[in-house]
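Enquirer: Just need the structure, nothing else, for what follows:
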Amino acid sequence: MRSRNQSGENSSNGHISCPKSSIISNVDDKSLSEDAKKKNKSNRKEDDVMASGTVKRHLKPSGESERKNKKSLELSKEDLIQLLSIMEGELQAREDVIHMLKTEKTKPEVLEAHYGSAEPEKVLRVLHRDAILAQEKSIGEDVYEKPISELDRLEEKQKETYRRMLEQLLLAEKCHRRTVYELESEKHKHTDYMNKSDDFTNLLEQERERLKKLLEQEKAYQARKEKENAKRLNKLRDELVKLKSFALMLVDERQMHIEQLGLQSQKVQDLTQKLREEEEKLKAVTSKSKEDRQKLLKLEVDFEHKSSRFSQEHEEMNAKLANQESHNRQLRLKLVGLTQRIEELEETNKNLQKAEEELQELRDKIAKGECGNSSLMAEVENLRKR
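Expert: Predicted structure coming up:
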C-alpha cells in the first residue's frame, strides 16, 4: 500500500514511476505461478538480474548527469525531480522484493496457524506478502490460541453455572416442601375457620332477625310520631291563624279607640275654648259689675244656666270616659304581650293629663277672675277629680 500511494503521489507531482509499477507487476505474476519452488528460484535470479539491470540503467543517466553538471555546473528543476522519482522507485522496488523473499521463507504451518485455514499455500503467501506491505501485525500470532483460551473459560463458566443451578434446584425443592407444609396447615386452618364461621353466621342470622324486628317497631313508632307531629303542626297553624286574626282585630280596635280619643280631645279643646270665652265675658262683667248690678244678676243667672248645662255635658263625658277606661282595662288584660301598643295608649293618657292641666289652669284663671262664683269652681274641681 505504501508503494502504491507513493507511486500515485509521484505521478501527481510529475514524477516518473514506470520502473516501480513494472517491478510490482512482475512480482505479482511470479507469486501466482503454479510451480512455486522451481519458478521462485528462477524468478529470484531473474529479479536480481532485472534489479541489477535497472540499477545499472539508472546509474548511467546519473553518471551522465554528473558529467553534465561538471560541464554546465547547474541542473534544471525538472531534471532533479525526475532523478528523485527514479531513485524512489528503485528503493520501493527493492523493498517489495525483500518482502516477497521474506514471505517465501515462511513455513506453511506458520501461515495455517496464523490465518486458521488450510487454503492453498500460494494464496496464503500472497496474503502474507500484502500484510507485510501494509505493515500489519507480525506472523508470530497464532489464531488458535485465543479460541482455546475462550473455550477453557467457557468450560469453567459452564461448571460454575451447573453448580449454581444445582444449588438453586435444592433451594427450590426446600421451598416446595415448605410451601406444601404451609398449604396443609392453611387447609386445616381453613376447615376450622369454616366450622367456626358456620356458628358465627347462625348467630349473625339470629341477630339480623332481631334487628329487623326492632327496625320494624322503630318504623311504626316513627310513623305514629310523624302523624302526631303533623296533627300538632296543624293545630299550631290554626292557632297561629287565630292569633293573627285576633291581633288584627286588636289593631282595628286600637285604631278606633285612638280615633275616639282624638274626637274627645277635640271636644275638650272646644270646651276649653268656650271656658276662655266665658272667662273673657266674666272679666267684662266684673268691669261692668259696679255700673250695672242688675245686668250682673242676669248674667249670673245665664251663667248658672250655662254652667249647669256644661256640668251635665261634663258628667256625660266623664261617664263616657269611665266606660272607655273600663274598656281600656279589658284591652290591657288582652294585650299583655303587646308592649308597644300599651306605650301608644300611655301617650294618649299623657294627652289626657295635659287636658287636665289645662282644666287646672282654667280653674286658676276662674279663681282669679271671680272669687264669688263658688259653684263654677266646684264644678271645675269635680271635673278635675274625675
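Enquirer: For the helix or strand containing residue 179, which helices and strands make contact with it?
Expert: Assigned by DSSP states H and E, residue 179 belongs to helix 145-289. Contact here means 3 or more Cβ pairs under 8 Å, 6 or more residues apart in numbering; DSSP states H and E; on that basis helix 145-289 packs against helix 293-334, helix 339-369. C-betas here are computed from N, CA, C, even on glycine.
Enquirer: Please convert those helices to a markdown table, extending it with mean neighbour count and mean pLDDT.
Expert: Converted to a markdown table, the helices and strands packed on helix 145-289 look like this (neighbours: other Cβ atoms under 10 Å; pLDDT from 0 to 100):
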| stretch | mean neighbour count | mean pLDDT |
| --- | --- | --- |
| helix 293-334 | 13 | 78 |
| helix 339-369 | 14 | 75 |
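Enquirer: Of the ones you listed, which is nearest residue 77?
Expert: For the helices and strands packed on helix 145-289, the distance to residue 77 is smallest for helix 339-369, at 138.2 Å, taking Cβ to Cβ.
Enquirer: The helix holding residue 179 vs helix 339-369, what angle?
Expert: Computed by axes from the mean of the first three to the mean of the last three Cα atoms, to 10 degrees, the angle separating helix 145-289 from helix 339-369 equals 20 degrees.
Enquirer: circling back to that earlier point, to residue 204, which of the helices and strands packed on helix 145-289 lies closest?
Expert: Counting by Cβ to Cβ, and looking across all of the helices and strands packed on helix 145-289, nearest comes helix 339-369 at 64.1 Å.
Enquirer: Against which helices or strands is the closest one packed?
Expert: Packed next to helix 339-369, using 3+ Cβ pairs under 8 Å, 6+ apart, are helix 145-289, helix 293-334, helix 374-385.
Enquirer: Let's see that with 6 Å instead.
Expert: helix 145-289, helix 374-385 (3 or more Cβ pairs under 6 Å, 6 or more residues apart in numbering; DSSP states H and E).
Enquirer: can I get the ones you listed in CSV with distance to residue 101 and mean pLDDT?
Expert: Formatted as CSV, the helices and strands packed on helix 339-369 follow (distance: least, Cβ to Cβ, whole Å; pLDDT from 0 to 100):
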stretch, distance to residue 101, mean pLDDT
helix 145-289, 28, 88
helix 374-385, 172, 63
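Enquirer: can you tell which of these is closest to residue 77?
Expert: Short answer: helix 145-289, nearest of those by Cβ to Cβ, at 54.4 Å.
Enquirer: just the angle between that closest one and helix 293-334, please?
Expert: Using the same axes, to 10 degrees: helix 145-289 against helix 293-334 is 160 degrees.
Enquirer: returning to what we had before: highest mean neighbour count out of the helices and strands packed on helix 339-369?
Expert: Highest mean neighbour count of the helices and strands packed on helix 339-369: helix 374-385, a mean of 15 (counted as mean count of other Cβ atoms under 10 Å).
Enquirer: can you redo the helices and strands packed on helix 339-369 as a markdown table with distance to residue 89?
Expert: As requested, the helices and strands packed on helix 339-369 are exported to a markdown table (distance: least, Cβ to Cβ, whole Å):
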| stretch | distance to residue 89 |
| --- | --- |
| helix 145-289 | 40 |
| helix 374-385 | 168 |
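Enquirer: looking at these, which is closest to residue 300?
Expert: Across the helices and strands packed on helix 339-369, closest to residue 300 is helix 145-289 (Cβ to Cβ), at 8.2 Å.
Enquirer: For residue 81, which of the helices and strands packed on helix 145-289 is the nearest?
Expert: helix 339-369 (137.4 Å).
Enquirer: How many residues are close by residue 97?
Expert: 19 (other Cβ atoms under 10 Å).
Enquirer: list the helices and strands the strand or helix carrying it packs on?
Expert: According to DSSP H and E, residue 97 maps onto helix 77-105. Where contact means 3+ Cβ pairs under 6 Å, 6+ apart, helix 77-105 is packed against helix 18-31, helix 36-72, helix 121-133.
Enquirer: weakest of these by average pLDDT?
Expert: Taking the average pLDDT of each of the helices and strands packed on helix 77-105, the minimum falls on helix 18-31, with a mean of 40.
Enquirer: Out of the helices and strands packed on helix 145-289, the one nearest residue 280 is which?
Expert: Ranked by Cβ to Cβ, the member of these that lies closest to residue 280 is helix 339-369, at 9.2 Å.
Enquirer: No more questions from me, cheers.
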